[in-house]
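Pasting the sequence and the predicted model now:
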Amino acid sequence: MSNDFNFQEQLNQIRNTYDFDFVGLAMSSEQSALCHIKWQYVSGNLNHRYKNIELRKGRGIAGIVMKSGKPIIINNIEESPYNDQLFNYPIIQSEQLTALIAMPLWKHNRVCGVLLSGQRDNKPLPEIDIDQFTRFGPFYGKDMINS
């Protein structure tokens, strides 16, 4: 598989195609033994705070998705269990997201990234079938071995 996949271009395309306010790709830095997760590419960001967000598996939206291997879909942050602990979800705070979809991205039978698409200002999530995201660059949208 070639490494010329343009993540930034793809995030911009997803944001524009589905009318999301924010799209981000979080990945773990391979060289880190502690497996820190960082937002590597974003589109539609309000500021550059995402660059300072560093998570571990099980922490934050991306960390939870990476640990569980399951998507998180929140149609309204204020009505979700996440609302009481927003300080634990820095991407929601820094990007002022009010709704989001966070999908695991699989490679070599493990979750290696998280594709997060979100809305602000209580704008509803678009009607999309997340199963259509079967491929994203070098990643698969679902566990191809166990599905």
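Ah, there it is. The structure displayed is predicted, hence computed values, not measured ones. Residues are numbered from 1 along each chain as shown.

contacting residues around the residue positioned nearest the centre of the chain?
Nearest residue to the geometric centre of the chain (C-alpha atoms, centre = their mean): Leu116, 2.4 Å. Counting by C-beta atoms under 8 Å, 6 or more residues apart in numbering, Leu116 touches 22-26, 61-62, 91, 100-103. The C-beta positions use only the backbone N, C-alpha and C, and glycine is treated the same way.

What of Ser68?
Per C-beta under 8 Å, 6+ apart, neighbours of Ser68: Pro104.

Offset the numbering so it begins at 30, please.
Got it, the first residue is 30 from now on, which makes the last one we talked about Ser97.

Now do it against Asp50, distance only.
25 Å (C-beta to C-beta, to the nearest Å).

most surrounded residue in the contacts of Leu145?
Ala91 (30 neighbours; other C-beta atoms under 10 Å).

Can you tell me who the residue nearest to the centre of the chain pairs with across the strands?
When assigned by DSSP bridges, Leu145 has beta-bridge partners Gly53, Ala131.

On the pLDDT front, check it for me.
Looking at Leu145, its pLDDT is 97.
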